[in-house]
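S.K.: Generate a structure from the sequence data that follows.
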Amino acid sequence: MKLSLFKILLVFFFLAFISCEKKAEKLKPYQAGVVISFDDAYVDEWFYADKVLKKYNWKATFCVCRIDSIGAPQIKKLLELQKEGHEIAGHGYHHYNAVKFVAAHGINEYVKQEIDPMMASMKRFSFNVTSFAYPYGERSDAIDKALTPKYKVIRGRAFCQDVPEKEGCYFRNSKFLYAFDIDDSHIHFSIPYLLELLDDAKKKNKILILCSHKPVKKLTGNYQTRIETLEFLCKYMKLNNLKFYRLSDLDNLETIK
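M.R.: Below is the predicted model:
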């Protein structure tokens, strides 16, 4: 009886060992890299930035709001960006602040007014939308839960700690993401600090998530990112072998723990 029990246990541990080995084989460490995302509807400026940065073989995610308010030439440019391998993501039909709107009208009304019409129009224009970025970066667990079945990846804005190790703007094996804002007017942005974040991603094999709005040659207002900042970023990535990720690329991304 004891010998029989011993054999059963031996077979059990052998099968468990084989199962663990197979799981380990499936897990692959991801390459350190950066997600560059843009919010709102600055399509002409995004298209220009793509012309400048194409030499770096860059890839970005463009999170579009008010899709039915932009013109046919801009829709054509977005389709071309999508064709080139960039991602077109959702950023709200009206660009409502989700937290404030839900507090006043409820989650069901938010989905009805902000999400469903956006997704219907995106589909009509042939955009394959699987990611969503909250306008103003504000989110809540309840809204995340309501949107979870609709998107593979959901992005907000990062908590700014001024210390790379404490920033929330790195991928953490979750579909809920936070981005660091690289607009020049952002209170925490500077090239030296961006360099710290990039160095931290490179040294610790992380994926840094960034957001921007309107890329420009020369600053004229808020919510603008210098083209030279984007060039600095792309040059750093190429020199340090960092990978360009889109938001949707982070879906089901696995890493060895």
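
S.K.: counting contacts, what elements does the longest strand along the chain pack onto?
M.R.: What stands out as the longest strand in the chain, according to DSSP state E, is strand 33-40. Strand 33-40 sits against strand 61-64, strand 176-181, helix 191-204, strand 207-212, helix 227-239, strand 243-245, with contacts defined as 3 or more Cβ pairs under 8 Å, 6 or more residues apart in numbering; DSSP states H and E. Every C-beta, even on glycine, is put in place using the N, C-alpha and C of the backbone.

S.K.: Format these as TSV; extra columns: mean neighbour count.
M.R.: What follows is those, written out as TSV (neighbours: other Cβ atoms under 10 Å):
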stretch	mean neighbour count
strand 61-64	27
strand 176-181	22
helix 191-204	16
strand 207-212	26
helix 227-239	17
strand 243-245	20
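
S.K.: could these go into a markdown table alongside mean pLDDT and distance to residue 168?
M.R.: Formatted as a markdown table, these follow (pLDDT from 0 to 100; distance: least, Cβ to Cβ, whole Å):
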| stretch | mean pLDDT | distance to residue 168 |
| --- | --- | --- |
| strand 61-64 | 98 | 18 |
| strand 176-181 | 95 | 4 |
| helix 191-204 | 96 | 12 |
| strand 207-212 | 97 | 9 |
| helix 227-239 | 98 | 19 |
| strand 243-245 | 98 | 17 |
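
S.K.: now those in TSV, with distance to residue 76?
M.R.: Shown next, in TSV, are the helices and strands packed on strand 33-40 (distance: least, Cβ to Cβ, whole Å):
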stretch	distance to residue 76
strand 61-64	14
strand 176-181	27
helix 191-204	32
strand 207-212	22
helix 227-239	22
strand 243-245	24
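
S.K.: Of all the ones you listed, which one comes closest to residue 123?
M.R.: Nearest of the helices and strands packed on strand 33-40 to residue 123, taken as Cβ to Cβ: strand 61-64 at 13.1 Å.

S.K.: who does the closest one pair up with?
M.R.: If you go by DSSP bridges, strand 61-64 pairs up with strand 33-40 (parallel), strand 87-90 (parallel).

S.K.: And the helix or strand following the longest strand of the chain, what does it pack against?
M.R.: Where DSSP states H and E defines the elements, the next helix or strand beyond strand 33-40 is helix 43-53. Applying 3+ Cβ pairs under 8 Å, 6+ apart, we find helix 43-53 packed against strand 61-64, helix 72-83, strand 214-216, helix 227-239.

S.K.: and with 7 Å instead?
M.R.: helix 72-83, strand 214-216, helix 227-239 (3 or more Cβ pairs under 7 Å, 6 or more residues apart in numbering; DSSP states H and E).

S.K.: ok now the last one, how far from the chain's centre?
M.R.: Average the C-alpha atoms of helix 227-239, do the same for its chain, and the two points are 18 Å apart (Cα atoms, centre = their mean, to the nearest Å).

S.K.: Run through the neighbouring helices and strands of it.
M.R.: Helix 227-239 packs on helix 43-53, helix 191-204, strand 214-216, going by 3+ Cβ pairs under 7 Å, 6+ apart.

S.K.: Check the first one too.
M.R.: Taking 3+ Cβ pairs under 7 Å, 6+ apart as contact, the helices and strands that helix 72-83 lies on are helix 43-53, strand 61-64, strand 87-90.

S.K.: Just the buried positions in the first one, please.
M.R.: For helix 43-53, burial by neighbour count (16 or more other Cβ atoms under 10 Å) applies to 43, 45-50, 52-53.

S.K.: can I get the CA coordinates of it in PDB?
M.R.: The C-alpha trace of helix 43-53 is given here as PDB (Å, rounded to 0.1, in the frame of the first residue of the first chain):
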ATOM      1  CA  VAL A  43      -4.100  64.900 -37.200                       C
ATOM      2  CA  ASP A  44      -2.200  67.300 -39.500                       C
ATOM      3  CA  GLU A  45       0.600  67.700 -36.900                       C
ATOM      4  CA  TRP A  46       0.700  63.900 -36.300                       C
ATOM      5  CA  PHE A  47       1.000  63.300 -40.000                       C
ATOM      6  CA  TYR A  48       3.800  65.800 -40.200                       C
ATOM      7  CA  ALA A  49       5.700  64.300 -37.300                       C
ATOM      8  CA  ASP A  50       5.400  60.900 -39.000                       C
ATOM      9  CA  LYS A  51       7.200  62.300 -42.000                       C
ATOM     10  CA  VAL A  52      10.000  63.600 -39.900                       C
ATOM     11  CA  LEU A  53      10.400  60.500 -37.700                       C
END
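
S.K.: Done for today, thanks.
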